[in-house]
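> when you get a sec, could you give me coordinates for this:
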Amino acid sequence: MTPQNPDTNINSLASLLDEVEFDSGELKNLLLAYATIKKKDADKSIKEKEKEEKEEQTTFYIDKEYIYPDRTDVSIYRDGRTKSGRYFIRIYDEKTRKVFTKSLRTSNRIAALAAAQNIYAENKERMRKGVKFVSLTTKELINMYLKEREGEISDKPHTGITQSSYDTLVSHLRYWELFIKYKKMSKRRIEDIPTEVALDFAIWIQKMPKQFYKGKTRSHSTINHTIAAVKKCYRDIGIARKFITLAEFPQFKYLKVPKDNTPKRDVFSFDEYNDIGNWIRRKYINEKGIADKEKVIRKLYGFFFTIHHNTGCRVKEILGLRWGDVNPLPNDKGMDRIVRRGIYIPTDNSKTGKSRTIVSPVGKTFDSIKKVYQSLGVECKTDDLIFTSTAKTRIGLNYAWGQPLVDKRLKNVCKLAEEAGVWKSENRNITNYSARHYYATQSLMRKLDIYEVALNMGTSVYYLEQTYSHITTIMKSDELTKGQGYYKHREEQEEKKEVARNAIEDALGKEEYRRKYKSY
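Purely as a prediction, here's the structure:
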């Protein structure tokens with residue numbers, strides 16, 4: 001390159017100064033300021049380099065050495081705070097600005113370099129995919145996932161997760177945490193747990209002793225729900241946040257579930273429901289020695305019991321009912337207007353997120369509930385909840401009943417009714433949800449249109465057909481036996497009788513026929 005003439009440079013600088021209208025004093029100040037900035041930058045760079053060199057010479061990092069000459073993100077070192085003199089690998093992830101360290105379990109430099117190269121090679125693909133070096137233990141993974149789901153808790157259907165669903169999720173994931181603890185892998189990072197370990201998870205749950213309902217075995221479907229919850233946890237946190245790759249995703253094995261979709265819950269028979277309902281009204285409410293407060297609660301629960309079994313509502317839907325949601329049907333007159341009610345389930349009180357109106361003959365029951373509250377001095381306004389607390393400090397303040405209250409009451413009613421000889425449980429576990437199954441079963445047994453039953457219950461026709469296939473078959477018993485065996489013979493006899501009646505009627509005339517054969 002040809003050196004430039006100094007005179008030329010001076011002339012160029014003079015021309016530039018003329019253009020920007022700088023005088024010599026201003027130029028001097030500008031150059032001094034620039035020199036000061038350059039000196040500060042140089043001093044800062046020197047200090048940072050000295051600090052880095054000093055850190056490397058501290059008792060923490062001893063004998064730091066990069067394992068590849070062209071890479072500064074991976075090195076080995078010895079920890080001066082330990083007496084073993086073992087080497088560690090240190091990998092810095094520039095994307096996440098996280099540091100991964102791991103003991104190489106050797107104090108030999110050559111062996112440490114070889115081990116570090118192997119670890120780096122194994123994790124090279126993870127780095128390429130952006131997988132984080134700093135991973136999680138099983139407990140940390142679960143906690144992170146639960147914290148994320150907790151933020152989605154919502155009372156409004158289909159806008160998040162309900163508190164009940166969240167509590168169930170916690171229960172599911174606890175099984176996985178206990179399983180990993182049982183396998184003695186609690187301290188391992190999730191990517192270091194062999195994927196095949198999860199294959200034994202379902203069988204392990206199945207063999208665990210139950211804390212509740214000890215006389216019964218765990219349902220395969222419930223165990224499979226637990227597996228699904230754990231898999232979602234790994235997908236939403238482990239995979240989505242790049243703590244593991246798909247190759248490190250646990251391998252689960254589902255249990256086989258019978259294709260029989262008949263109700264898994266125990267239910268009352270029609271006679272048992274009637275007998276227990278009568279016992280509540282005559283004996284349970286009027287038991288001697290109980291306080292007036294308890295008598296009121298028992299009376300209200302008796303009404304809840306009746307409404308629940310005659311509407312097929314979910315517990316949450318009944319507890320969320322307001323007086324403005326229950327009204328006579330617009331076209332009803334006379335006795336119908338007294339007996340029947342249209343029960344509106346709004347969107348925010350429906351599990352499906354769809355509003356619906358249930359028609360049920362429970363008008364007198366709602367009127368009785370209103371009379372009980374009015375006798376306590378409580379106004380039943382349109383926006384007030386129907387089932388509210390009667391506690392001294394809460395009465396009239398519109399505090400809703402909680403599900404634990406009705407769960408506990410049902411258990412107590414079932415126990416006392418059995419002791420009184422009203423029914424026999426025969427190891428059945430009756431829950432509040434059993435009332436919904438009772439409603440569906442009885443409605444289909446009465447040969448109601450399955451589409452109308454589905455609308456009333458807020459579910460699908462497909463679900464009813466699958467879940468209550470044994471009932472839908474009974475509903476069609478006449479059609480299914482038509483033209484078979486005894487029924488074929490009976491149908492033929494009826495046809496012959498009909499032909500004979502028509503012939504006699506034609507011969508005698510309608511009036512004479514009716515006079516002689518009116519008993520026909």
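
> confidence score at the most centrally placed residue in the chain?
Closest residue to the average C-alpha location of the chain: residue 165 at 3.7 Å, with Cα atoms, centre = their mean. With respect to pLDDT, residue 165 scores 88.

> what's the answer for residue 216, then?
With respect to pLDDT, residue 216 scores 67.

> hang on, the earlier thing: and the helix or strand harbouring the residue nearest to the centre of the chain, what does it pack onto?
Using DSSP states H and E, residue 165 maps to helix 163-182. Helices and strands touching helix 163-182, by 3 or more Cβ pairs under 8 Å, 6 or more residues apart in numbering; DSSP states H and E, are helix 138-150, helix 201-207, helix 220-233. Where you see a C-beta, it was placed from the backbone N, CA and C, and this is true even at glycine.

> contacts for it?
138-139, 142, 145-146, 149-150, 153, 161, 186, 193, 201, 204-205, 208, 225-226, 229-230, 233 (Cβ atoms under 8 Å, 6 or more residues apart in numbering).

> of the residues you listed, keep whichever come out buried.
Taking 16 or more other Cβ atoms under 10 Å as the criterion, what is buried in the contacts of helix 163-182 is 138, 142, 145-146, 149, 193, 201, 205, 226, 229-230, 233.

> which residues touch residue 438?
Residue 438 neighbours (Cβ under 8 Å, 6+ apart): 267-268, 273, 309.

> can you confirm residue 121 is in a strand?
No - counting by DSSP: H, G, I helix; E, B strand; the rest coil, one finds residue 121 to be helix, located in no strand.

> roughly how far does it sit from residue 359?
Going from residue 121 to residue 359 by Cβ to Cβ, to the nearest Å gives 70 Å.

> out of those two, which sits in the more crowded spot?
Taking other Cβ atoms under 10 Å, residue 121 and residue 359 do not tie; residue 359 has more neighbours (15 against 9).

> so the more buried one lies in a strand, does it not?
Yes - counting by three-state DSSP, one finds residue 359 located in a strand.

> so how far is residue 383 from the residue lying closest to it once chain neighbours are set aside?
Nearest residue to residue 359, sequence neighbours excluded (Cβ to Cβ, 6 or more residues apart in numbering): residue 342, at 5.9 Å. Separation of residue 342 from residue 383 (Cβ to Cβ): 18 Å.

> residue 440 now?
31 Å.

> looking at the two, which one has more neighbours?
In terms of neighbours (other Cβ under 10 Å), residue 440 is the more surrounded of residue 440 and residue 383; the figures are 24 against 9.

> flag the shaky bits of the stretch 201-350 of the chain, pLDDT-wise.
Within the stretch 201-350 of the chain, the ranges that satisfy pLDDT under 70 run 211-216, 259-265.

> OK, contacts around residue 423?
Taking Cβ under 8 Å, 6+ apart as the definition, contacts of residue 423 comprise 268, 272, 275-276, 417.

> narrow the residues you listed to those in helices?
Judged by DSSP state H, helices contain the following of the contacts of residue 423: 272, 275-276, 417.

> top of these by neighbour count?
Most neighbours among these, by other Cβ under 10 Å: residue 276, with 24 neighbours.

> and the nearest residue to residue 309 once chain neighbours are set aside, backbone torsions?
Spatial nearest neighbour of residue 309, chain neighbours left out: residue 435 (4.8 Å); criterion: Cβ to Cβ, 6+ apart. Note on residue 435: backbone dihedrals following degrees, to the nearest 10 are phi -60, psi -40.

> ok, now how distant is residue 435 from residue 297?
Distance from residue 435 to residue 297, by Cβ to Cβ: 19 Å.

> higher neighbour count, the two?
Neighbour comparison, residue 435 and residue 297: the larger count goes to residue 435, with 28 against 19 (by other Cβ under 10 Å).

> was I right about the more buried one contacting residue 307?
No - the pair residue 435 / residue 307 is not scored as a contact, 9.3 Å apart, by Cβ atoms under 8 Å.

> now do the contacts for residue 440.
Residue 440 neighbours (Cβ under 8 Å, 6+ apart): 312, 453, 457, 464, 467-468, 471.

> turn those residues into a markdown table, including secondary structure.
Shown next, in a markdown table, are these (three-state DSSP):
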| residue | secondary structure |
| --- | --- |
| 312 | coil |
| 453 | helix |
| 457 | helix |
| 464 | helix |
| 467 | helix |
| 468 | coil |
| 471 | helix |
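
> list just the nearest of the residues you listed to residue 408.
The closest of the contacts of residue 440 to residue 408 turns out to be residue 312 (Cβ to Cβ; 21.9 Å).

> how near is the closest one to residue 203?
Distance of residue 312 to residue 203, given as Cβ to Cβ: 37 Å.

> the two: which is more packed in?
Each of residue 312 and residue 203 has its neighbours counted (other Cβ under 10 Å); residue 312 has more, 23 against 12.

> please name the nearest non-neighbouring residue to that one.
Per Cβ to Cβ, 6+ apart, closest to residue 312 is residue 439, 3.1 Å.

> how far does the helix or strand containing the one you found sit from the chain's center?
Assigned by DSSP H and E, residue 439 falls within helix 434-445. Centre-to-centre, helix 434-445 and its host chain are 25 Å apart (Cα atoms, centre = their mean, to the nearest Å).

> mean confidence for that helix?
90.

> please name the nearest non-neighbouring residue to residue 399.
Residue 399 sits nearest to residue 389 (Cβ to Cβ, 6+ apart), 4.1 Å away.
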